[in-house]
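>>> my questions concern the predicted model and sequence given below.
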Amino acid sequence: MQRSYLLSIDFKVHSLTDWAAQLKINPLYAILSGFHFGDTPGVGTFYDFLNRLWDSDSDNLSPHIHPLKKEKSAKAKTEGRKSRIY
């Protein structure tokens, strides 16, 4: 399970649902993960594995709300001339 999860990160598949589907479709992903093609784990097995791996009360996923980005500084509004600071 851990090898498969690390492969999903390496192949830039960020959704466990998408990764479980890719394991069922692509035999190479299943073999590299250590599973027999046609006998791959489902999505729930991956979520159970992550819950056991991350033995903590806090959630191991990042929040969906990200901090706001800083605004860029205002540029001089002169066209074709250099602005001077007096």
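Ah, there it is.

>>> Three-state assignment for Glu71, please.
Three-state call for Glu71 (DSSP: H, G, I helix; E, B strand; the rest coil): coil.

>>> just the pLDDT at it, thanks.
What the model reports as pLDDT for Glu71 is 74.

>>> cool, and Arg81?
We have a pLDDT of 66 for Arg81.

>>> again with Ser62
64.

>>> let the chain start at 85 from now.
That works, and once the first residue is 85, the last one we named lands at Ser146.

>>> point out where this protein drops to low pLDDT.
139-148, 150, 156-170 (pLDDT under 70).

>>> ok, which stretches of the protein are helices?
86-94, 100-109, 111-117, 127-137 (DSSP state H).

>>> buried residues in the third one?
Meaning helix 111-117. 113-114, 117 (16 or more other Cβ atoms under 10 Å). Just so you know, the C-beta spots here come from the backbone N, C-alpha and C atoms, and that holds for glycine as well.

>>> got a list of contacts for stretch 112-130?
Stretch 112-130 has contacts (Cβ atoms under 8 Å, 6 or more residues apart in numbering) with 85, 87-89, 91, 95, 100-101, 103-104, 106-108, 111.

>>> filter those to the buried ones?
Among the contacts of stretch 112-130, those scoring as buried are 85, 88-89, 91, 100, 103-104, 106-108 (criterion: 16+ other Cβ under 10 Å).

>>> which one of those residues is nearest Lys153?
Lys153 has its nearest neighbour among the buried ones among the contacts of stretch 112-130 in Leu100, at 28.2 Å by Cβ to Cβ.

>>> can you tell which of the helices of the chain is closest to Glu155?
Per Cβ to Cβ, nearest to Glu155 of the helices of the chain: helix 86-94, 32.9 Å.

>>> tell me the angle of that closest one relative to helix 100-109?
Calculated by axes from the mean of the first three to the mean of the last three Cα atoms, to 10 degrees, helix 86-94 forms an angle of 110 degrees with helix 100-109.

>>> got the angle for helix 86-94 vs helix 127-137?
In terms of direction (the same axes, to 10 degrees), helix 86-94 departs from helix 127-137 by 100 degrees.
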